[in-house]
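Asks: Give me a 3D structure for the following:
(one chain, ligands or ions: 1)
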Amino acid sequence: MRIGLGHDTHRFEEGSAQRPLILGGVEVPFRRSLVGHSDADVLFHALTDAILGALGERDIGEIFPDTAEENRGRDSAEFLKYAADLVYKREWRIENVDAVIFAQAPKLGPYKEQMKVNIARILEIPPESVGVKAKTGEKVGFIGREEAISAEAVVLLENNPR
Ligand code: MG
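Replies: Numbers count the residues shown, from 1 in each chain. Predicted coordinates:
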């Protein structure tokens, strides 16, 4: 078995020309969105890094650099799919993933189920093998002051002899 750990943070941006707020592949209605070279999906980025870490691979920033034009505005589901494909190519199996989103606002409760479904679909595992939780920053720190959203994720891989 192998475990992997991932973490990511993106800060909020103000402005009228902002992009949608995307978390776990869900467009969450909110007055602000996150700064990022890709679509800034912190949850998908943390999950991608957890999987890459379990494989002993380079991290997401090395594989998909923010200096590359092809990654501008890119759907982060593609990063997650890339990591999952590597797992299966190497004959590992994803037993489960678990993740926490740290966001003071918006309230994410109504969107967690859809995030789970999205992750399960991309990773080709059952939704029961996916955990998504949301925590506020208790109004302290950069999360609590609504300056950014963070995410942490773990994954467990198992060997899959065929
Ligand atoms: Mg990121």
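Asks: need the residues of this structure near the ion, please.
Replies: Neighbours of the ion within the chain, by C-beta under 5 Å from the ion: 8, 45. C-beta coordinates here come from the backbone N, C-alpha and C atoms, glycine included.
Asks: For the ion, what's its nearest residue on the chain.
Replies: In the chain, the residue that lies nearest the ion is residue 45 (3.6 Å; C-beta to the ion).
Asks: wait, what's in contact with that residue?
Replies: Residues in contact with residue 45, defined by C-beta atoms under 8 Å, 6 or more residues apart in numbering, are 6, 8, 38, 60, 76, 79, 151.
Asks: My reading is that it lies in a helix. Confirm?
Replies: Yes. Counting by DSSP: H, G, I helix; E, B strand; the rest coil, residue 45 falls inside a helix.
Asks: Show me the helices in this structure, by range?
Replies: 42-54, 60-63, 77-89, 112-123, 141-144 (DSSP state H).
Asks: my guess is residue 122 meets residue 84, correct?
Replies: Yes. Contact between residue 122 and residue 84 holds when scored by C-beta atoms under 8 Å: they sit 6.4 Å apart.
Asks: With that, I have no additional questions.
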